[in-house]
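1. Return atomic coordinates for the entry below.
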Amino acid sequence: QVQLVETGGGLVQAGGSLRLSCVASGRTFSDYTMGWFRQAPGKEREFVAGFRRNTGGTYYADSVRGRFLISRDTAKNTVYLQMNSLKPEDTAVYYCAGRRGNGVTTPGAYNYWGQGTQVTVSS
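-> I've put the predicted structure just below:
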């Protein structure tokens, strides 16, 4: 069992930055594929960025590539999402998720989810 807790959301102006953190407890997250997802009102939950378990490779949605950076601190069992050059369309609840398998981008394949943290970008 893995428990995930996200922090770091908030209100920021367009062009600004935020860093989200996801602390994992229960098992070391290096055993899991970890992903960040987001869900805006009235929209499906979508993939943002992730680490693949077996290779450690990183993956990004086209909409955030070059602006967002996923990283991890294994000593702290924490995954980060650095979000730069934020846009109003980045406004959403952001979720951290973990799974045992290797696929990164499909929300339905993840077993463990955090409670989410709100990110609001004003224009």
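2. What ranges does this structure have for its helices?
-> Here the chain has no helices by DSSP state H.
3. Spatially central residue in it, please.
-> By CA atoms, centre = their mean, the chain has its centre lying nearest to Trp36, at 2.0 Å.
4. show me the contacts for it.
-> Taking CB atoms under 8 Å, 6 or more residues apart in numbering as the contact definition, Trp36 lies against 20, 22, 47-50, 70, 79, 81, 94-97. (Each C-beta comes from the backbone N, C-alpha and C, glycine too.)
5. And for Ser17?
-> Gln82, Met83, Asn84, Ser85, Leu86.
6. Can I get the buried part of these as one ChimeraX selection?
-> Those of the contacts of Ser17 that count as buried under 16 or more other CB atoms under 10 Å are selected in ChimeraX with:
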select :83,86
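7. Now the residue nearest to the centre of the chain. Nearest residue, chain neighbours left out?
-> Val48 (4.4 Å; CB to CB, 6 or more residues apart in numbering).
8. Tell me if I'm right that the one you found and Met34 touch.
-> No - in this structure, Val48 is not within contact of Met34 by CB atoms under 8 Å, at 11.6 Å.
9. Highest neighbour count among the contacts of Trp36?
-> Cys96 (30 neighbours; other CB atoms under 10 Å).
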